[in-house]
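K.L.:
Following is a predicted model, sequence given first.
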Amino acid sequence: MKRCIAAMVLPVLVSFYCLVSCAAAQNNAPIIAKPGGFKWAALMPGVEMTVLSGDPSKTGPYTLRLRMPDGTKVPPHWHPEDENVTVMRGSFLAGMGDKFDAAALQELPAGSYVMMPKEMHHFAQAKGETVLQLHGSGPFVMNYVNPADDPAKAKP
């Protein structure tokens with residue numbers, strides 16, 4: 001099975017945040033994340049990620065945020081687990097299928113929620129600077145419908 005989690009970036013982010021969130025969880029302490037303290041890192045071209053809690057590279061619950069500038073497109077892909085998405089800022093345009101089709105995009109403004117069932121092929125685009133909060137049961141994995149869309153396989 002092909003797994004792309006932005007192979008080099010996600011483990012570093014996860015290690016850093018797991019030190020904080022795992023220690024807090026073991027001590028039965030709250031995890032408090034304030035906007036100025038987020039450490040954003042590239043997940044794929046045009047998409048940045050920060051981990052709020054958990055370890056998205058492992059089995060178990062996680063919460064993370066994604067930030068995308070206006071117009072960022074995410075090619076068709078699917079996940080082996082359900083994906084829960086809350087739109088925090090901007091508009092998230094989501095469509096289902098094996099090919100990116102702008103006519104099939106449904107606009108989800110800030111405050112919207114969508115649950116993509118595991119293995120559902122979907123694609124997306126940001127309208128305005130868009131911030132999403134994702135949560136689910138890990139591992140968080142992106143499998144691209146077209147392997148050529150996988151940024152981990154892109155030539156430098």
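P.N.:
Looks like it came in fine.
K.L.:
Just the buried residues of the strand of greatest length in the chain, please?
P.N.:
Ranked by number of residues, the top strand in the chain under DSSP state E is strand 122-138. Going by neighbour count (16 or more other C-beta atoms under 10 Å), the buried part of strand 122-138 is 122-127, 130-132, 134-136, 138. Using the backbone N, CA and C atoms, a C-beta is placed for each residue, glycine as well.
K.L.:
secondary structure element for Phe92?
P.N.:
Secondary structure from DSSP states H and E places Phe92 in strand 83-96.
K.L.:
Return the list of strands paired to that strand, each annotated with direction.
P.N.:
Using DSSP bridges, the strands paired with strand 83-96 are strand 106-109 (antiparallel), strand 113-116 (antiparallel), strand 122-138 (antiparallel).
K.L.:
ok, and the closest non-adjacent residue to the residue nearest the centre of the chain?
P.N.:
Compute the mean C-alpha point of the chain, and by C-alpha atoms, centre = their mean the closest residue is Leu66, 5.4 Å away. Among residues not flanking Leu66 along the chain, Leu132 sits closest, at 4.6 Å (C-beta to C-beta, 6 or more residues apart in numbering).
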